[in-house]
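Participant: Okay, sequence plus prediction incoming.
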Amino acid sequence: MRGVPVSLRTRFALYLGAVLLPFLVAAALGQFYLLPRLIGPLDEIVREFTEGLIPAMHLQTALLQAAMPVNDYLIHGNPDERRQFAQLRQRVERAFEEASPEQLTLAEELALPGSARAEWDQALPLGERLLRLPDPVGNAAAARDMERFDAHIERAVSALDKTHDYFHQVIERNRAQARAARSRALWVTFAAFVLAGAASLFAGVVLARSVTDPVDTLRQGAARLAEGKLSHRVEIHRHDELGELAAAFNAMAGQLETDQATLDQLATRDGLTGLYNHRTFYTLLGDELARAQRFQRPVSLLLLDIDHFKRVNDTYGHLAGDAVIRGLGELLGREARAIDRVCRYGGEEITVILPETDPDAAARFAERLRAAVEAQPFDVGTGTPLHLTVSIGVASWPAHADTAQALVAAADAAMYAAKQGGRNRVVRYEPAPAQPAAAG
């Protein structure tokens, strides 16, 4: 089979077949060759035994069946049970006739115990009386009569067991101990083969599943990872190589999930402030504008610029400038709502996307941010905290722009107007007279 891929499940099936084959051959040899030669001489006596035993067995069966309609009638009260009992009663009478001593083939001198007939004769009127009851269900007296009826049937059946004992004695007297021992040895041997085969089959199945089930679990887990479901873990709790493999798989999946989260963080977040970066800002703004257009709800954009930020870098150094930007990002993150998106647009500029916010509400929120920044001391590591101000431009859709680029341009123009107007202020975008809202 060189070059032909064979699955682990197929290999186990082949190995299992190799283990079972000797047992199957041995069982077939004993069943179809050895067994007929050993038990052939016993066929005749078995035939005679069966011919003598069958009438008594039929009688026992008929007695037991005759008891069933009476029991069922006391449980369900179905009148059809009377007709069924009448039919079964006739079958019992025929069975007594067939089992009479004249019909016996092995020992005519053996008469059926008269107690069997006597017990049936006592049970019969009880059964007929019970079947005549108009409302047997729940009848305590009927239940007691039913117990007596069943007791008579059981004693009649037990009496017939003596016939079985007789025929067994006949066999023991007429067959040699050697043949009996040989027959028993043969059956024990055959049973041993069967048990060995069953045990081997069971062990093989358990062994195969103990390997293939974990392998299937690992294969499915690998497929989940390939689909991008990095949170998937396999549940294999074993203290063997497969358990070690499952632990390694889960560790690998955990590391992949962590790495993916780190990559997502790096791809969407600004390294200095932890805010959304410039590229992600445009993605978020585009998504929010699409939602706003679909539901016809307003959305606003704030563009903040730190006043005289170059003076901070020139006076205290770029590390101080970084500390200011980082502190400003933290302040805006605290002030913003859960649905707002704070992004670092570039340099010292930060944007805030305000869903469900019209121009008036956006201007009020921007003024609150401006005041919070003015009141916030920024620690730049010099021992003396700095107090800074920001200029904020406000623009809204659909009042001031109809595209994402136009909305950014409008907020930028408003922020530039705040700078030109003296800084530390909020300016709402106002198009020039006779100028429509900014278009992309």
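Facilitator: Sure, I can see it. Residues are numbered from 1 along each chain as shown.

Participant: what about stretch 368-384, distance to the chain center?
Facilitator: 55 Å (Cα atoms, centre = their mean, to the nearest Å).

Participant: what about it, start to end distance?
Facilitator: Taking Cα to Cα, to the nearest Å, stretch 368-384 runs 25 Å from one end to the other.

Participant: Can you point out the buried residues in it?
Facilitator: Residues L369, R370, V373, F378, V380 are the ones in stretch 368-384 that count as buried (16 or more other Cβ atoms under 10 Å). All C-beta spots, glycine's among them, are computed from the backbone N, C-alpha and C.

Participant: For the host helix or strand of the second one, what is the distance to the chain centroid?
Facilitator: When elements are assigned from DSSP states H and E, R370 belongs to helix 359-375. The offset between the C-alpha centroid of helix 359-375 and the centroid of the whole chain comes to 53 Å, using Cα atoms, centre = their mean.

Participant: tell me what that helix is packed against?
Facilitator: Applying 3 or more Cβ pairs under 8 Å, 6 or more residues apart in numbering; DSSP states H and E, one finds that helix 359-375 makes contact with strand 299-306, helix 318-335, strand 349-355, strand 390-397, strand 426-428.

Participant: Repeat the analysis, applying 7 Å as the threshold.
Facilitator: Applying 3 or more Cβ pairs under 7 Å, 6 or more residues apart in numbering; DSSP states H and E, one finds that helix 359-375 contacts strand 299-306, helix 318-335, strand 390-397, strand 426-428.

Participant: Sheet partners, orientation included, of the shortest one?
Facilitator: So that's strand 426-428. Strand pairing for strand 426-428, using DSSP bridges, gives strand 390-397 (parallel).

Participant: next one: the first one
Facilitator: Pairing partners of strand 299-306, with direction, according to DSSP bridges: strand 349-355 (antiparallel), strand 390-397 (antiparallel).

Participant: roughly how far out does the last one sit from the chain middle?
Facilitator: Between the mean C-alpha point of strand 390-397 and the mean C-alpha point of its chain there is a distance of 53 Å (Cα atoms, centre = their mean).

Participant: where are the low-confidence patches of the stretch 151-300 of the chain?
Facilitator: For the stretch 151-300 of the chain, the stretches flagged by pLDDT under 70 are 162-171, 174-186, 188-190, 192-193, 196, 203-204, 206-208, 242, 259-266.

Participant: go with 80
Facilitator: 159-216, 218, 221, 225, 228-230, 232, 234, 236-247, 249, 252-267 (pLDDT under 80).

Participant: before we move on, back to that, including mean pLDDT and mean neighbour count, could the strands paired with strand 299-306 go into a markdown table?
Facilitator: Formatted as a markdown table, the strands paired with strand 299-306 follow (pLDDT from 0 to 100; neighbours: other Cβ atoms under 10 Å):
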| stretch | mean pLDDT | mean neighbour count |
| --- | --- | --- |
| strand 349-355 | 97 | 23 |
| strand 390-397 | 96 | 27 |
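
Participant: Same list, those strands, but as TSV with distance to K419 please.
Facilitator: Formatted as TSV, the strands paired with strand 299-306 follow (distance: least, Cβ to Cβ, whole Å):
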stretch	distance to K419
strand 349-355	11
strand 390-397	5
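
Participant: which one among the buried residues of stretch 368-384 gets closest to L285?
Facilitator: Checking these against L285 by Cβ to Cβ gives L369 as the nearest, at 18.2 Å.

Participant: residues contacting the closest one?
Facilitator: Residues in contact with L369 (Cβ atoms under 7 Å, 6 or more residues apart in numbering) are L332, E335, I392.

Participant: So for it, what's the pLDDT?
Facilitator: Predicted confidence (pLDDT) for L369: 96.

Participant: of the helices and strands packed on helix 359-375, which approaches A198 most closely?
Facilitator: Of all the helices and strands packed on helix 359-375, helix 318-335 sits nearest to A198, with 69.6 Å by Cβ to Cβ.

Participant: Which residues does the closest one contact?
Facilitator: Counting by Cβ under 7 Å, 6+ apart, 272-275, 306, 309, 312-313, 342, 344, 348, 350, 352, 369, 372-373, 376, 378-381, 386, 388 sit against helix 318-335.

Participant: number of nearby residues for A320?
Facilitator: A320 has 18 neighbours, counted by other Cβ atoms under 10 Å.

Participant: Tell me which of the helices and strands packed on helix 359-375 sits nearest to A156.
Facilitator: Short answer: helix 318-335, nearest of those by Cβ to Cβ, at 94.3 Å.
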